[in-house]
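*Asks:* Turn this into a model:
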Amino acid sequence: MGKTKRRYWLLKTEPSEWSWSDQEANNGISKWDGVKNKQAQKNLKSMTLGDLCFFYHSGTKSRCIVGVVEVSREWYTNEDDDEGAVDVKRVGEMRKCVDLKEMKRDKGIKGFVLFRQPRLSVVPVEEDVWGKVCDLGNGFCGDGKEDDCGSCSDES
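*Replies:* Residues are numbered from 1 along each chain as shown. The predicted structure is shown next:
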């Protein structure tokens, strides 16, 4: 039986609720829970160990990808409240934050699900879109190109 192909996702969070700084301060590991939308839950349930996710700050002040996390525990439910979650761990910060406006201007990622379903908090990312967004952000710390790991600094 062959190895499953890595998939890519985008996880949205309001920086006032859970920011990249919170993720880092928590030893880089967090439980991604509180997702109520059925389609977003279905996407969480589809995640497998090792999948990579863009960490996206949403809200009124800024809308941008600030980092990358990896799925470290697949979908599970809490016994007490039946709420589901996945665990994610920090991989690294984007070398340059990738703003929503910048992504929308790029013709190479026109079909990005984020643009078609902007209210969905967990969306799949096609491999070609992942690569293009990584290019826009000059990659991320932990991508094997460790020449410059500055901070994209979008803590709003």
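*Asks:* Would it be right to say that R119 lies in a helix?
*Replies:* No. With DSSP: H, G, I helix; E, B strand; the rest coil as the criterion, R119 is assigned coil and is not in a helix.
*Asks:* Point out where this structure drops to low pLDDT.
*Replies:* Residue ranges of the chain with pLDDT under 70: 1-3, 146-148, 150-156.
*Asks:* hey, what's the closest residue in space to P15 that isn't next to it in sequence bridged with?
*Replies:* Using C-beta to C-beta, 6 or more residues apart in numbering and skipping the chain neighbours, the partner closest in space to P15 is H57 (4.8 Å). The C-beta positions use only the backbone N, C-alpha and C, and glycine is treated the same way. According to DSSP bridges, T13, C64 are recorded as the beta-bridge partners of H57.
*Asks:* residues touching A40, list them.
*Replies:* Neighbouring residues of A40 by C-beta atoms under 8 Å, 6 or more residues apart in numbering: 120-123.
*Asks:* Please repeat the previous calculation with a cut-off of 6 Å.
*Replies:* For A40, the set of contacting residues under the criterion of C-beta atoms under 6 Å, 6 or more residues apart in numbering consists of 120-122.
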